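Peer 1: below are the sequence and a predicted model for it; my questions follow.
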Amino acid sequence: AESVFRWTAEGKSVERRGAGPMDASLFGRGAGEGLGVHICTGPVFVRGAEEGDVLEVRIIDVAPRPCANPKYSGKAFGSNAAASWGFHYKDLLTEPKPREVVTIYEVDATGERNWARAVYNFTWTPQTDPSGVVHKTIDYPGVPVDHSTVTENHGILKNVRIPVR
């Protein structure tokens, strides 16, 4: 994941963050403009591939990455964004509606449990990325969140299990 999502003031591991143009001419958000990057679907680097080549990629297996923090041994975490461009944006249970919400889930990294549980969520607040661009909405993949600017809501979705396959 770090090879795709590392982003500091010194640079990004992967400059292109989606399928948009490298010169950020559509929205001015950065190379690729956030139109499609995903940890499973790319960008993908293939050694020896050349421009114009057609590739067939089959994802054979995916496993949660265990947390490196010993405090959370055996656990893995994922997130879901109810963003303005997504399905869940207008389907939130609580007011105010609509709003952008990020939910953090815990997944069993050992594979013994086939469900995830929500740990907390937070309403998106404007975030400034390491390149100095302010993101008022969730409009670009991998924008680091300054957690001092958000309020974590714990105890959400109690007794709800989200199936994981």
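Peer 2: Okay, I see it. Residues are numbered from 1 along each chain as shown.
Peer 1: how close does M22 sit to G74?
Peer 2: Note on M22: its distance to G74, by Cβ to Cβ, to the nearest Å, is 40 Å. Placement of C-beta: from N, CA and C, glycine included.
Peer 1: pLDDT score for H38?
Peer 2: Reading off the confidence values, H38 has pLDDT 63.
Peer 1: check L157 too.
Peer 2: For L157, pLDDT reads 90.
Peer 1: can you tell me the closest non-neighbouring residue to it?
Peer 2: A118 (4.1 Å; Cβ to Cβ, 6 or more residues apart in numbering).
Peer 1: surely that neighbour is within a strand?
Peer 2: Yes - assignment of A118 by DSSP: H, G, I helix; E, B strand; the rest coil places it within a strand.
Peer 1: run through the bridge partners of it.
Peer 2: Note on A118: beta-bridge partners by DSSP bridges are Y105.
Peer 1: give me the neighbour count for it.
Peer 2: Look at A118: counted by other Cβ atoms under 10 Å, it has 19 neighbours.
Peer 1: kindly report the same for T103.
Peer 2: Per other Cβ under 10 Å, the neighbour tally for T103 reads 20.
Peer 1: off-centre distance for the host helix or strand of it?
Peer 2: Following DSSP states H and E, one finds T103 within strand 101-108. In terms of Cα atoms, centre = their mean, to the nearest Å, the centre of strand 101-108 is set 11 Å apart from its chain centre.
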